[in-house]
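Asks: what would the 3D arrangement of this be:
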Amino acid sequence: MRNGEALKISVLAPFPKYKDGIPRATEELISKLCEADDVESVSVIAAKKEEDFVSYSLLRNEKVSLFAVRSFLLPWTLLGTIKLYKESNVVILFGHPCYVFGPSPLCLLQLLVKLGIVPKAKWMQMLYDFVNYTCPEDYVGAPKETTLYKVWKNYFVQTPVHYIAISEWTKKEAMRYWRLTAAQITVIHLGSFTIPKIPRAHFGSKKIITVSDISPRKNHLRLIKAFELVHQNNLNNDAELMIVGQLRKDIPEFESTLRDIQRRNKGIKITLAGYLTDSEILSLYEEADVFVYPSLYEGFGLPVLEAMACGCPVIASNVSSLPEVVGEAGLLVDPYNVEALARAISTVLDDDELKREMSRKGIAQAQKFSWAKAGAELLAVCQEVAERQR
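Replies: Residues are numbered from 1 along each chain as shown. Modelled structure (predicted):
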């Protein structure tokens, strides 16, 4: 800050036991804030049931303190949260409020803001995506979550003094669904959890991989249909599709289509690998000939960035945020067009020189994204918000 005072920051965030991209990104950004000399302290407010899942590497930082919340409605918890809020220069909500607050705490928050007990001038919120609006079929609890999204839109959308979107696409979605203005939102791209490698020179595994939980918007149904065409047009029938990720919910059409494809095509190689560790996925990125991500909707697309960082040729959808991440380093296709997806896969599989070129371009593209850059940009917004209060 201009007056030389270091920032005191409070953050509210979900910390589930099994962390996907968003909780991992949250911890990475908090760590980067702690590295800055301009930050005095970071108070992490986490649900009591999740406090054990805040990474030890984060908690051992001397700037970090943990405030565990059993319920925001308990008097001592409420008083402690308000005290932290007032002592902080900035309060950042990582993740959507419906993942942190239930309906009753949201109503209480609205009352506290109206009474001026919780001044909104300090509040910042991260925006990742608006998938509940666009793809509610992805989630078992979607109706409840969508209701909470609507409550936030109707009563709280002007509470945060500023928003952070992880892509230009998410910013546009926020302006569309929540009627926020462009001036209210700063775009800060995420970084890769994988350090960019050197370009790959050798290919030939014939492995095609995709990494994501199996859900309707991830478009696995069209991917396996496209792979059937690739298999039928491949004279050696030696290509393999490996799907890494757990089944998020029962998708009868995916399961029945997979059985039909396997019955029609003797020896076709489609592997459902399920959950794999980070190191196992990293090895696959370094081995596969093609990484395919035909998702219908993404707020950012971390697996695409990590595949590029490993030098794996990338084919991705030409919708939502993915063109932003891929740039000109990969092939972008219409995710609704099975034939176009199959042609793109076959084109890359059959051309080693193209794969080498895509590997070089992918690594160069991945180097444009980093956690150091994201952390510095987030700190700059925090400083601006804190300075504005003065």
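Asks: what residues does whichever strand or helix holds K355 touch?
Replies: In the assignment (DSSP states H and E), K355 maps to helix 352-366. Under the criterion C-beta atoms under 8 Å, 6 or more residues apart in numbering, residues 192, 194, 196-201, 203-204, 289-290, 305-309, 311-314, 325-331, 347-348 lie in contact with helix 352-366. The C-beta positions use only the backbone N, C-alpha and C, and glycine is treated the same way.
Asks: with stretch 49-58 instead?
Replies: By C-beta under 8 Å, 6+ apart, stretch 49-58 touches 14-17, 19, 27, 30-31, 44, 46, 64, 66, 68.
Asks: ok, 10 Å please
Replies: For stretch 49-58, the external contacting residues (C-beta atoms under 10 Å, 6 or more residues apart in numbering) are 13-19, 23-24, 26-28, 30-31, 34, 42, 44-47, 59, 64, 66-70.
Asks: among those residues, which ones are buried?
Replies: Among the contacts of stretch 49-58, the ones that count as buried by 16 or more other C-beta atoms under 10 Å are 13-15, 23, 26-28, 30-31, 34, 42, 44-47, 64, 67-69.
Asks: drop anything exposed from the contacts of helix 352-366.
Replies: 192, 194, 196-197, 200, 203, 289-290, 305-309, 311-314, 325-326, 329-331, 348.
Asks: okay, and which of the residues you listed map to strands?
Replies: V290, V314, L331 (DSSP state E).
Asks: out of the residues you listed, flag the one nearest to Y149.
Replies: For these, the closest approach to Y149 (C-beta to C-beta) belongs to V314, at 31.0 Å.
Asks: quick one: that closest one from V348, how far?
Replies: According to C-beta to C-beta, to the nearest Å, V314 and V348 sit 9 Å apart.
Asks: stretch 314-327: end-to-end distance?
Replies: End-to-end distance of stretch 314-327: 11 Å, with C-alpha to C-alpha, to the nearest Å as the criterion.
Asks: buried sites along that stretch?
Replies: By neighbour count on 16+ other C-beta under 10 Å, the buried set for stretch 314-327 is V314, I315, A316, S317, V319, S320, S321, L322, P323, E324, V325, V326.
Asks: avg pLDDT for it?
Replies: Regarding stretch 314-327, the rounded mean pLDDT is 97.
Asks: please apply the same query to stretch 355-369.
Replies: 97.
Asks: and that stretch, what's buried?
Replies: K355, R356, M358, S359, R360, K361, G362, I363, Q365, A366, K368, F369.
Asks: repeat for stretch 69-87
Replies: V69, F72, T77, L78, T81, L84, Y85.
Asks: just the ones of those residues in helices?
Replies: Per DSSP state H, helices hold the following members of these: T77, L78, T81, L84, Y85.
Asks: in a markdown table: those, plus distance to K122.
Replies: Shown next, in a markdown table, are these (distance: C-beta to C-beta, whole Å):
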| residue | distance to K122 |
| --- | --- |
| T77 | 19 |
| L78 | 17 |
| T81 | 13 |
| L84 | 11 |
| Y85 | 7 |
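Asks: which one of the residues you listed sits closest to Q184?
Replies: Closest to Q184, out of all of those and judged by C-beta to C-beta, is Y85, at 20.5 Å.
Asks: okay, now the domains of the protein?
Replies: Using automatic domain parsing, the domain ranges for the chain come out as 7-191+370-389, 207-366.
Asks: looking at these, which one has the lowest mean pLDDT?
Replies: Among the domains of the chain, domain 7-191+370-389 scores lowest, at a mean of 85.
Asks: S370: neighbouring residues, count only.
Replies: Close neighbours of S370, defined as other C-beta atoms under 10 Å, add up to 17.
Asks: ah, wrong one, I meant D52
Replies: D52: 10 neighbours (other C-beta under 10 Å).
Asks: that older thread, in the helix or strand following the helix holding K355, what's buried?
Replies: Later in the chain than helix 352-366, the nearest helix or strand by DSSP H and E is helix 371-389. Neighbour-count burial for helix 371-389, counted by 16+ other C-beta under 10 Å, picks out W371, A374, G375, E377, L378, L379, V381, C382, Q383, V385, A386.
Asks: ok, the last one touching N89?
Replies: Yes: taking C-beta atoms under 10 Å as the contact criterion, A386 and N89 are neighbours in contact, 4.0 Å apart.
Asks: what do those two both touch?
Replies: Common neighbours of A386 and N89, counting by C-beta under 10 Å, 6+ apart, are M1, E5, L7, K8, I9, K122.
Asks: how far away from the center of its chain is stretch 325-333?
Replies: The chain centroid and the centroid of stretch 325-333 are separated by 18 Å under C-alpha atoms, centre = their mean, to the nearest Å.
Asks: could you confirm I45 falls within a helix?
Replies: No: I45: not assigned to a helix; according to DSSP: H, G, I helix; E, B strand; the rest coil it is strand.
Asks: that one contacts G80, correct?
Replies: Yes: here I45 reaches G80: they are 9.0 Å apart, a contact under C-beta under 10 Å.
Asks: mutual contacts of those two, please.
Replies: F67, A68, V69.
Asks: does the last one touch S43 like I think?
Replies: No: between V69 and S43 there is no contact, the gap being 11.6 Å when judged by C-beta under 10 Å.
Asks: find residues that contact each of the two.
Replies: In terms of C-beta under 10 Å, 6+ apart, V69 and S43 are both contacted by the residues L12, T81.
Asks: are we agreed that L241 is in a strand?
Replies: Yes: applying three-state DSSP, one finds L241 inside a strand.
Asks: remind me which helix or strand P16 belongs to.
Replies: Going by DSSP H and E, P16 is not in any helix or strand.
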